[in-house]
Each structure stands twice: as structure tokens, then as C-alpha cells.
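Participant: I would like to see how this sequence folds:
(chains A and B, ligands or ions: 3)
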Amino acid sequence: MELIDLSADVLIIGGGLAGTNAAMGAAEKGASVLVADKGNINRSGDIGGGVDHFLAFLNEGQEWDTQNAFLDYVEMIGRGTGHLSIIESVYCAELPDAIERMARIGNPLTQADGSFYRTQSMGQPGTYWINFNGKRLKPCLGKAVRKLGCTVLDKVMMVDLLTHQDAVVGGIGFHIRSGSFYILQTKATVIATGNTNRLYENPRINPFNTWLCPFDTGDGQIMALNAGAALTNMEYMRMTLLPKGFAAPGFNALVGMGGRFLNSLGEYYMEKHHPMGNRAPRYEVVYFTLEEIRKGHGPIYIDCRHLNENDLIHLETSLGYDKDTLPDYFEQRKEDLRTKPVEITVSEGMQAGPTEVTGSGIKIDKNSAATVPGLFACGDASDHNRCVHGAVTGGYKAGKSAATYAKGLTHGDGAPKSIIREEIDRFMKPLHRPSGYPYRQIEDAIRKIMAEHVGPMRTEGSLKCGLEKLQRIESYLDEMKATNFHELMRAHETRSILSVGKVMATTALFRTESRNKPYHHRLDFPDTDNTNWCGLVVFRKDGDRLSCSFEPTT
Amino acid sequence: MPPTFYMKKCTGCGLCDSICPADAIYMKEFEDTSVPYLKYPDECWHCGSCRQDCPEGAIEIQFPPDMLCI
Ligand SMILES: Cc1cc2nc3c(=O)[nH]c(=O)nc-3n(C[C@H](O)[C@H](O)[C@H](O)COP(=O)(O)OP(=O)(O)OC[C@H]3O[C@@H](n4cnc5c(N)ncnc54)[C@H](O)[C@@H]3O)c2cc1C
Ligand code: SF4
Ligand code: SF4
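Facilitator: Ligands and ions are numbered 1, 2, ... in the order given. Next up, the predicted model:
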């Protein structure tokens, strides 16, 4: 096996939306940068194929269009799930620069005439969504990162962080085709590996038919946890509504343009259940949809027949910006938004932030720094970034902060080489076992356990049972067999998925209330308790000891 | 099996193999040329990146029966 040693000021793990912005932030501050991604940064991650909404206040004169009004909105939909001071620093302060940067790299958020096309949904007080054509956003970012001179390691899966004297000093990983092993020694490291998918049984059969990127499997969160970093908001199981057989997003576009949720009794049920109707916060729409299904009012549809011609044309176009193949899917399934309601359903669960403006994962401060020196985080892997706007702003912020930290170090001591070599063998073991279980067999069991015991209806009993079963399946991790480096990657993903499942069940057990139902819905504690639980559950690992603690946000 | 490769148009450039986020597309040798094939069809995320990036327009997306019928 070939060993490749590289060093630089800053390592970015995950070159998705947040990671590419982080690389730009670090490089534009003068740092030397390595970017490692298990895919190719030109097309990897959630928005590799395209995207269409960016959330922003623009100070265009309306009362709701200011920073203060935006922070009130955060407090309204995400109370107890984030610190406003951190959101102010990692998102609000970075927003003007982020909008300018998207234009500078060649994928502006504006229409051809230079204006912003703005829509409203998800509990917003005004039109916070900028609707845009983001089909070239990832290729543009990839090009910008390479042009800045960053060393890009495509198809390199990172498996662990390097630590020395309690600081993070880089990471290790392997090339998923050649198996070459990379030892990346850096002064600062940014984790930008997205949220955790393939965690719950998938209602569309295939576990890779997921809403968010199925290759984001919580690897970064677990690497950070093992290096001593704290995680927060891990109890939240995020869901959305999607076309029945294809996990293609489109919720923002459909609702933003005026789509109405319909049950099989012919009732527009959200208009009955919530004062904001179809434009209620996402978790409320999911909650009431689950209720409708439970009451026997399914199937559920989205109805767009009443939209005018211009809006329909805009909608049909932008659905293909967000998910390139959704128009093909509608055509092949013979769906037509103009003439009949389209059947939708609740998505698979995933571990991700409880709202569009508060995240989950690695706990960060105002400078995007984790709780371990040398480590930074951004995007869906961090607890105060979420969605496109969070990844673009928070990514750049994390990159800048990592560069500043790296430059401030008088000397960067790397981890001793002898220890690293021992580590490498550990990560290659599934390749060398004469026989064993394929990753998929273990992963299917994890998804089943998560769906049945750690899902949207949780109790102390179900969570404890889930944890016990997860521990049982954990004993089989060391019996996974991989026949090539692709399968080795999947086997490591399975490990991360299982670890995230355990953290999720443990933190869900700790929070004895419900918040942002159904994302954290304890049937035995069904109310939201703002007196005792308005804040974050902080999860840490100290050696073999796992601990939960509570950090108020008000 | 979403992406279908049209060999008459494909030049074997390998771009689809290089960018697929699923690591699902691989190249193989066939009659002295390099051709793409879907090695891990179940892992395709239907992101459409291969079709968008193919310089020859040699890729079409066809959804499987389970996705079209459930
Ligand atoms: C199709 C789609 C459309 C969406 N549309 C919108 C929208 O319109 N508006 C909105 O606000 N939000 C939208 N979202 C959500 C939004 O795109 C995400 O929240 C955001 O892109 C997350 O950015 P990220 O950088 O954290 O994750 P990603 O962009 O997914 O990046 C994570 C990267 O890490 C890499 N990686 C993971 N693990 C490892 C590892 N171990 N080693 C190396 N690399 C690794 C992955 O390959 C990936 O490239 C959409 C999501 C999807 C899937
Ligand atoms: S659609 Fe996306 S995931 Fe599927 S083969 Fe093409 S590039 Fe890969
Ligand atoms: S990108 Fe197109 S032309 Fe190039 S190998 Fe793939 S299918 Fe063939």
C-alpha cells in the first residue's frame, strides 16, 4: 500500500458546499489548504446536481427584511435549538459577502435582469427564500477552489483525525479506488462532512434513495467526537415531504409558489391545522401530515392546479434546478402538476438540524471553532449552520478562522509517525478478513432498529430497547468484510451511521420533553418545556465515558 | 438503473466516472476502447450529475420500476 504524506496550514474534510466555501475562506486569508472529499468536489455532496433556494434577509425596506426580524424568526421556529449570538456571527455577519461571492465565482443568486426572485414558506414572516438557478454552483465552487491553489484530494475518504497534545493536527484517509493511504498533517482542520443519512429504514425501499446526500453518513461528527469534541442537537430526527417514489426535494419550491397540501378526503388539511397553513414551519407540516396518515386520511398530495401559468412555468423550471432528474421522474411516472395533485409522503428520517436556521453536530462557537483546539466545523456537520445559506456563510467563516488559528501557531507539532502507522492497519482490516458480513447486512439492521425504536414516536422504553439492540449489532462491526476499497468506504460509513444512531438514542433519552415535534417527540413527555429544556443537549466522549449535559440558550 | 450509456455517442472520456458522487460508474476495456458501466446501480442517487457533465450527451436517465410504481 502506498503511503502519501502531505502537510499544510489547513485541512478541509469534505469538499461539499460548506467545505468548498471553507477552502476559499482559508486560501483567501493566505493559508495553504488541503481539501479531501470521498467524491469529486466539482459534483460531490447535497447540491452536486443543483440547488434553487438561498435563505436571506436583504434589507430591502420591509420590516421583516432586517437582521433583527430574522433573528426573531429564528427564535420563533428554533427556540432552544441555537444561540442567537453564534448565528449572528457565523451567518448574519457573513451574508453580504456570501451573496457577492456566489456572483463572483459565476453562479449569482440573481435572475438574468439582476433582481432577486423571492418567495415565502416554512413559517417565514416575509419572502426570505431567494429562488435561483444553482445547477452550476458546485462546478463553479470546485473551479474556484482549484484556482486558488488548494490541493484537492478527490475520492479520498477520511477515517480519523490526528491528535497531539490535546489538539487536532490533521487527519488520515484512503483513496477509494487505489487504496493509497493519506497522512495529512496540518495546523488546523475543518470538518464539513454534512449530516447523517442512511440512518433510518427508507419508505422508498432503497436506502440510497434519500432526500439529502446518501454519502454523507456522519463520519466527521464521529471523528470529532472521538477526538474529544462536543456535539449538540443530536436527538433531532429531521424529515420532510417528498414525491412518493423519489426522494427529490422540492418542498420549498412547491410551497413557496403556493402549493396546497391535500388529504384523500379532499381537505386542505394544513389550512385547518395551522394559522400559517401550507407555509407553516417544515416540522409542523410533517407533524400534521403524520397525524393525517395515522387517522387514515392518506394518501397525501400536493395540489398546484390553481397556480397561474407564469407561476407554473417558474415552478416546473426551478424543480429541475433543485433536483436535475425530477422533471424526468414526473414525466416517466406520468405526473402532471397542472392537471392532478401529485402524491407525496413523509421522507425517511435522518440526523440533521431541527430547523432551516439551526443545525446539529459539532458544537461550534462564534468563530466556528469546536471545543478541541485546532478543530473547526461548518455546514450540516456543525450545530449552528444548516441548509445552503448556512453552509455558504458558515463555511467561509470556518475557513477564515482556521487560517487565522494556523497562522497564530508558532510551531505545529504533528502526531508521531509510529502511532499513525499502527492506526492505518486498523482501518484496513475489513479487506483482510477471509470472510465476514457485507456492510449492507449490518446497515439494514441498524436502519430497522432506528425506525422501530428511535423514530418520531419515542418513549423511555423504546429508546432503551433501541440502544440495547444497537449495542448488540455493534459487536458485529468487527466482522464486516470488504472485497475492495469501495466496499471498505461503505463499511466505514456503516460504523459512523451506527455511532450516530447511538448518540441520537442517548441524547433523545436525556431530553425528557418534546421539541420541534415530530423531530424530537417523546410520547411520555409530549409537551415542550421551556422552563427546564430551552437549550442544547451537549454530548461528549471522554475515553470510554459518554456524557450528556444541558446548556441553556436563554 | 438510472443512467444508461449510449455507446454510439460515448467517446470514453471518463468524466462520468470521475465525478459520480456514488462511485457507481467505472470504466472498463471493451474492444480496445474504454467504456463506462454502472458498477453499483443500487447506490445511484439519481443526482443527474453524470448526464449534465457528459460532453457528448451520451447519458439518459431511466427510473426503475419500484420508484415509478410505489
Ligand atoms: C438535492 C438537494 C437540494 C437542496 N436544496 C436546498 C435549497 O434549495 N435550499 C437550502 O437551503 N437547502 C437545500 N438543501 C440542503 C442543503 O443543500 C444542505 O444543507 C447543504 O448543502 C449542506 O452543505 P454541507 O457542505 O454541510 O454538506 P455537503 O454539501 O453534502 O458536503 C459534504 C461533503 O463531505 C463529503 N464527505 C462526507 N464524509 C466524508 C469523509 N469521511 N471523507 C471525505 N469526504 C467526506 C461528501 O462527499 C460531501 O461532498 C438541498 C439538499 C439536497 C440534497
Ligand atoms: S445520477 Fe449521480 S449518482 Fe447516479 S450514476 Fe449519475 S452521477 Fe452517479
Ligand atoms: S462522460 Fe459521456 S462521453 Fe465521457 S465516458 Fe461518460 S458517457 Fe462516455
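Participant: Could you use CA atoms for every contact and neighbour count after this?
Facilitator: Will do.
Participant: excluding its backbone neighbours, what's nearest residue A:86?
Facilitator: Nearest non-adjacent residue to residue A:86, counting by Cα to Cα, 6 or more residues apart in numbering or on different chains: residue A:366, 4.7 Å away.
Participant: how close does residue A:434 get to residue A:482?
Facilitator: Distance of residue A:434 to residue A:482, given as Cα to Cα, to the nearest Å: 10 Å.
Participant: returning to what we had before: shouldn't the residue nearest to residue A:86 be in contact with residue A:84?
Facilitator: No. Here residue A:366 lies out of contact with residue A:84, judged by Cα atoms under 8 Å, at a distance of 10.0 Å.
Participant: buried stuff in the lowest-mean-pLDDT helix or strand in chain A?
Facilitator: Lowest by mean pLDDT, DSSP states H and E among the helices and strands of chain A is helix A:417-432, with a mean of 84. By neighbour count on 16 or more other Cα atoms under 10 Å in any protein chain shown, the buried set for helix A:417-432 is A:424, A:427-428, A:430-431.
Participant: re the thing from before, for the residue nearest to residue A:86, give me its contacts.
Facilitator: Going by Cα atoms under 8 Å, 6 or more residues apart in numbering or on different chains, residue A:366 touches A:85-87, A:89-90.
Participant: Any of those buried? List them.
Facilitator: Neighbour-count burial (16+ other Cα under 10 Å) applied to those gives A:86-87, A:89-90.
Participant: Also near ligand 3: which of those residues, exactly?
Facilitator: Near ligand 3, judged by Cα under 6 Å from any ligand atom, there are no entries from the buried ones among the contacts of residue A:366.
Participant: for ligand 3, what are the nearby residues on chain B?
Facilitator: Counting by Cα under 6 Å from any ligand atom, chain B comes close to ligand 3 at B:5, B:10-16, B:36, B:54-56, B:58-59.
Participant: Would you mind putting those residues into CSV with secondary structure, distance to residue A:6 and pLDDT alongside?
Facilitator: What follows is the residues of chain B next to ligand 3, written out as CSV (DSSP: H, G, I helix; E, B strand; the rest coil; distance: Cα to Cα, whole Å; pLDDT from 0 to 100):
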residue, secondary structure, distance to residue A:6, pLDDT
B:5, strand, 37, 97
B:10, coil, 37, 97
B:11, coil, 35, 97
B:12, coil, 32, 97
B:13, coil, 29, 97
B:14, coil, 27, 98
B:15, helix, 26, 98
B:16, helix, 28, 98
B:36, strand, 32, 98
B:54, coil, 32, 98
B:55, coil, 33, 98
B:56, coil, 37, 98
B:58, coil, 38, 98
B:59, strand, 37, 98
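Participant: Write a PyMOL command that selects only the buried members of the residues you listed.
Facilitator: Remark: buried members of the residues of chain B next to ligand 3, expressed as a PyMOL selection using 16+ other Cα under 10 Å:
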select buried, chain B and resi 5+10+11+12+14+16+36+54+58+59
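Participant: Touching, residue A:261 and residue A:280? I think so.
Facilitator: No. Using Cα under 8 Å, residue A:261 is not in contact with residue A:280; the gap is 11.3 Å.
Participant: Those two: which is more packed in?
Facilitator: For the pair residue A:261 and residue A:280, the greater number of neighbours falls to residue A:261 (26 against 21), based on other Cα atoms under 10 Å in any protein chain shown.
Participant: List the buried residues of the helix or strand encompassing residue A:463.
Facilitator: Under the criterion of DSSP states H and E, residue A:463 resides in helix A:460-474. Neighbour-count burial for helix A:460-474 flags A:460, A:462-467, A:469-470, A:473-474 (criterion: 16+ other Cα under 10 Å).
Participant: Of those, which is the nearest to residue A:95?
Facilitator: residue A:463 (39.4 Å; Cα to Cα).
Participant: and the gap between that closest one and residue A:414?
Facilitator: On the measure of Cα to Cα, residue A:463 and residue A:414 end up 41 Å apart.
Participant: And residue A:354, by the same measure?
Facilitator: 37 Å.
Participant: Could you do residue A:40 as well?
Facilitator: Here residue A:40 is placed at a distance of 27 Å from residue A:414 (Cα to Cα).
Participant: Residue A:299 now?
Facilitator: Remark: distance between residue A:299 and residue A:414 (Cα to Cα) = 57 Å.
Participant: again with residue A:198
Facilitator: Distance, residue A:198 to residue A:414, by Cα to Cα: 34 Å.
Participant: With neighbour numbers in mind, choose between these two.
Facilitator: Applying other Cα under 10 Å to residue A:198 and residue A:414 shows that residue A:198 carries more neighbours, namely 29 against 19.
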